[in-house]
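sequence first, then the predicted structure, then my questions.
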Amino acid sequence: MVTATKAPVFFISHGGPPSSTGVDGGNKCGNFTSKASFEGLSSSVLIGKPKISTKVYMVGPQPQQSLSQVHALNVDERNPLVYDFYGFPDHFYKQKVESSNPSNVSALVLEHLRQSGVQALPVKRGIDHGVWCPLKVAFQKPLLEDLPSDNAESQPASINDPSQLPPALSLTQLSLPASDASLDSLKLGAALRRLRDQGFAIVGGGMSVHNLREAMKAFALVGRGFGALQPTPYSSSFLSALTEAMTAPPASRDEDKWAKAINLDKRQDFLPSHPTPEHFLPALVALGAAHSDEQGTETFALDEGPMGWNMYRWG
């Protein structure tokens with residue numbers, strides 16, 4: 001049963017390094033989606049009355065552990081940034097997002113995972129770009145709660161100034177399992193539910209559609225003056241099915257709530273939408289972290305063909 005005291009669950013579509021600053025060909029949608037996604041999160045943990053979360057727990061596409069069914073939990077208290085991308089201008093490797101991961105918080109998460117039967121390995125790795133890129137946009141200075149609501153969306157992310165999560169808001173990241181099976185990600189989410197009772201907002205970060213090869217072709221055409229990114233038959237049909245699964249009505253059992261989600265990777269439009277599944281699986285972790293009697297809502301959606309942007313929230 002979900003109560004008002006439980007922290008929320010989110011799935012967000014995050015952009016790459018250019019979307020964290022909106023320059024160097026940065027995808028405007030990526031910048032806006034990051035802001036729209038985390039504006040909901042920041043309002044819950046910073047502005048909301050009552051404040052229902054003081055910790056953020058993120059499950060993202062990088063890195064998947066090579067050890068079967070073992071999850072890497074970041075325990076570095078400083079949350080250093082991992083620049084896990086190649087071939088970008090130098091300034092992207094100088095971006096700063098300041099956050100903390102107190103040892104007592106990561107220890108609590110590690111113990112919870114182990115008590116829930118989830119094998120977790122503590123590692124000092126830091127947070128990858130799938131986490132810090134959207135945080136760069138969402139927690140730029142001035143913080144979102146300091147901006148009038150009509151200015152928050154238009155405020156550009158700074159390329160030089162660091163972004164900073166409020167000191168009271170900690171951040172802990174967990175990797176996906178090596179398994180690509182949808183059920184394993186749903187079960188991982190279910191194992192995280194009780195953390196919501198302890199003030200952890202659960203965030204799955206990925207992409208609704210993520211086909212980089214086709215995206216690069218589309219960006220090349222756009223750069224030569226051939227319009228903007230457009231929906232494709234595969235993206236339109238897959239995004240419709242994804243939203244139907246993520247906003248499934250309340251059910252008495254997880255199996256019923258997950259019935260549509262667990263079959264998404266069997267659809268003909270899945271492979272062109274996700275040539276590799278690591279950006280899709282965090283959506284299932286988020287769905288699994290929601291209770292069976294809790295209905296998700298879609299709060300952002302944009303179909304750009306090989307790049308699909310959505311946000312869903314529970315609680």
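Good, I have the coordinates.

measure the residue nearest to residue 116 when sequence neighbours are not counted to residue 103 for me?
For residue 116, ignoring the flanking residues on the chain, the nearest one in space by C-beta to C-beta, 6 or more residues apart in numbering is residue 191 at 4.1 Å. Heads up, the C-betas are built off the backbone N, CA and C, glycines and all. Relative to residue 103, residue 191 is positioned 22 Å away (C-beta to C-beta, to the nearest Å).

okay, these two: which has more neighbours?
residue 191 (19 against 11; other C-beta atoms under 10 Å).

which ones are touching the more buried one?
Applying C-beta atoms under 8 Å, 6 or more residues apart in numbering to residue 191 gives the contacts 113, 116, 117, 118, 288.

likewise for residue 74?
By C-beta under 8 Å, 6+ apart, the residues touching residue 74 are 101, 106, 123, 124, 125, 126, 127, 172, 173, 174.

mind checking which of those land in strands?
Within the contacts of residue 74, membership in strands is found for 123, 172, 173, 174, as judged by DSSP state E.

drop anything exposed from the contacts of residue 191.
113, 116, 118, 288 (16 or more other C-beta atoms under 10 Å).

identify the residues contacting the last one.
Shown in contact with residue 288 (C-beta under 8 Å, 6+ apart): 185, 186, 187, 188, 189, 190, 191, 192, 254, 258.

adding distance to residue 14, pLDDT and secondary structure, write those residues out as a markdown table.
Listed next are the contacts of residue 288 as a markdown table, based on distance: C-beta to C-beta, whole Å; pLDDT from 0 to 100; DSSP: H, G, I helix; E, B strand; the rest coil:
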| residue | distance to residue 14 | pLDDT | secondary structure |
| --- | --- | --- | --- |
| 185 | 17 | 94 | helix |
| 186 | 21 | 96 | helix |
| 187 | 23 | 95 | helix |
| 188 | 19 | 93 | helix |
| 189 | 18 | 95 | helix |
| 190 | 23 | 96 | helix |
| 191 | 23 | 94 | helix |
| 192 | 19 | 94 | coil |
| 254 | 26 | 98 | helix |
| 258 | 24 | 98 | coil |
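
hmm, back to that, who wins for neighbours among the contacts of residue 74?
Result: residue 173 is most packed of those (other C-beta under 10 Å), 30 neighbours.

how close does it sit to residue 72?
9 Å.

swap in residue 250?
33 Å.

which one of these two has more residues nearby?
Between residue 250 and residue 72, counted using other C-beta under 10 Å, residue 72 has the larger neighbour count: 20 against 13.

ok, what's across the strand from that one?
residue 121 (DSSP bridges).

re earlier: now do the shared contacts for residue 173 and residue 72.
Shared contacts of residue 173 and residue 72, defined by C-beta under 8 Å, 6+ apart, are absent.

just how off-centre is the strand or helix carrying residue 136 within its chain?
In the assignment (DSSP states H and E), residue 136 maps to helix 129-138. Computed by C-alpha atoms, centre = their mean, to the nearest Å, the chain-centroid distance of helix 129-138 equals 9 Å.

dump the helix or strand residue 56 falls within to PDB, keeping only the CA atoms.
Assessed by DSSP H and E, residue 56 sits inside strand 55-60. The C-alpha trace of strand 55-60 is given here as PDB (Å, rounded to 0.1, in the frame of the first residue of the first chain):
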ATOM      1  CA  LYS A  55      18.100  10.900  -0.500                       C
ATOM      2  CA  VAL A  56      18.200  10.000  -4.200                       C
ATOM      3  CA  TYR A  57      19.000   6.500  -5.300                       C
ATOM      4  CA  MET A  58      19.700   6.200  -9.000                       C
ATOM      5  CA  VAL A  59      19.900   3.100 -11.300                       C
ATOM      6  CA  GLY A  60      21.300   3.900 -14.700                       C
END
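
sheet partners, orientation included, of it?
In its sheet, and by DSSP bridges, strand 55-60 pairs with strand 170-175 (parallel), strand 200-206 (parallel).

looking at those strands, which is buried most?
Mean neighbour count (mean count of other C-beta atoms under 10 Å) peaks for strand 200-206 among the strands paired with strand 55-60, with a mean of 27.
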